[in-house]
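# Starting from these lines, generate the structure:
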Amino acid sequence: MPHTQLWLIRHGETAWNAERRFQGHTDVPLNATGVQQAKKVAEKLIRQHGQQSFSAVYSSDLSRARHTAEPTALAIKLPIRLDARLRERHYGVLSTLTPEEMAAEHPEAFRHWQQRDPAYVLPEGESLNQFNQRVLDALASIAREHPGQAVIVVAHGGVLDCAYRAAQNMPLSEARQHPLHNASVNQLRFADGRFHIERWGDIGHLEQAAIDEL
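Purely as a prediction, here's the structure:
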């Protein structure tokens, strides 16, 4: 089967990103910086569109991802296909909190999060294993629907992390060293049932530094 090109993009900045506050499934909108980042992503992908035609635009259904996708989708005249499977990890009781607040209010859950315990289910949320399976199933199904094509997928830092780890055969429990910047463009190839990284962490289109994932 022909391979699929996945252009995986993290949403633009939100006020909670700037505050280091966990969003998870909470629907936090882009801030002014994030709106500008979305426009810069669109400009970059429009330039790329002149060299390589995109077949579809997918997005998490949360507004920070959807609004990041909108300028690009409008410019290349494609509808946005919303997919809730592309949401960030559900952080349960840790949602809406900063790391300092997590440590004070939910020390056990915070400890498991810090240790990257894949099997631990966050109270009212999901485990890393559950999240990873959801994300990889979504990305693989999107890729299989578009063999031989290039597809844009706008999602979240945790989604990018799952894709990177799958491509690098990197355990979920291992500490992260790779960047997950807001509005970054990351190019992967899906072939023979596997993800392969072609380019990662590109923020050259942005005018100022972007915030990395916690």
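
# List the contacts of the residue minimising distance to the centre of the chain.
Centroid-nearest residue in the chain, with Cα atoms, centre = their mean: His156, separated by 2.6 Å. By Cβ atoms under 8 Å, 6 or more residues apart in numbering, the contact set of His156 is 10-11, 60, 62, 65, 86-88. In this view, the C-beta of every residue, glycine as well, is placed from N, C-alpha and C.

# I'd say Thr72 and Ser59 touch.
No - between Thr72 and Ser59 there is no contact under Cβ atoms under 8 Å: 9.8 Å.

# related to what we said a few turns ago, most neighbours among the contacts of His156, which one is it?
In terms of neighbours by other Cβ atoms under 10 Å, these top out with Arg10 at 33 neighbours.

# Beta-bridge partners for that one, please?
Beta-bridge partners recorded for Arg10 (DSSP bridges): Ala155.

# what's it in contact with, if anything?
Contacts of Arg10 (Cβ under 8 Å, 6+ apart): 154-157, 159-160, 180-184, 186, 213.

# let's see it at 7 Å
Neighbouring residues of Arg10 by Cβ atoms under 7 Å, 6 or more residues apart in numbering: 155-157, 160, 180-184.

# Thr26 is in contact with Ser95, isn't it?
Yes - between Thr26 and Ser95 there is a contact at 5.5 Å, judged by Cβ atoms under 7 Å.

# between those two, who's got more neighbours?
Remark: of Thr26 and Ser95, Ser95 carries more neighbours, 19 against 16, as counted by other Cβ under 10 Å.

# what about the nearest residue to the more buried one once chain neighbours are set aside, is that helix, strand or coil?
Closest residue in space to Ser95, ignoring its immediate chain neighbours: Gly24 at 4.1 Å, by Cβ to Cβ, 6 or more residues apart in numbering. What DSSP: H, G, I helix; E, B strand; the rest coil gives for Gly24 is coil.

# Sounds good, over and out.
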